[in-house]
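> below are the sequence and a predicted model for it; my questions follow.
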Amino acid sequence: MNHYERLRHIREDNDIKQETIAKYLGIQQTQYSRYERGVQMMGIDKYIKLAKFYNVSLDYLAGLTDTPKKLF
């Protein structure tokens, strides 16, 4: 699974709307939608925020591993 598919799957697995994640990141929903579709790359600062939000490793969010290691 690639990085943008992982963003969508983890959000949907947690029953969270794009609007909620976009608000958390301080961006518009349409911008976040572009990240999930792979149209635009998301910056590392936002990946870090999402890793903390979901309590998973950056490797998991980036699609480098399928094991969602907890941060704390």
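Okay, I see it.
> which stretches of this structure have low pLDDT?
Along the chain, segments meeting pLDDT under 70 span 71-72.
> which stretches in the protein count as helices?
With DSSP state H, the ranges of helices along the chain come out as 3-13, 18-25, 29-37, 44-54, 58-61.
> residue contacts, the residue nearest to Val56 when sequence neighbours are not counted?
Once flanking residues are discounted, Val56 sits nearest to Pro68: 4.3 Å by CB to CB, 6 or more residues apart in numbering. C-beta coordinates here come from the backbone N, C-alpha and C atoms, glycine included. By CB atoms under 8 Å, 6 or more residues apart in numbering, the residues touching Pro68 are Ile10, Tyr54, Val56, Ser57, Tyr60.
> again, but for Tyr60
Arg6, Ala51, Asp66, Thr67, Pro68, Lys69.
> before we move on, the earlier item: export the contacts of Pro68 as JSON lines, with columns for distance to Gln18.
Converted to JSON lines, the contacts of Pro68 look like this (distance: CB to CB, whole Å):
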{"residue": "Ile10", "distance to Gln18": "12"}
{"residue": "Tyr54", "distance to Gln18": "14"}
{"residue": "Val56", "distance to Gln18": "18"}
{"residue": "Ser57", "distance to Gln18": "22"}
{"residue": "Tyr60", "distance to Gln18": "20"}
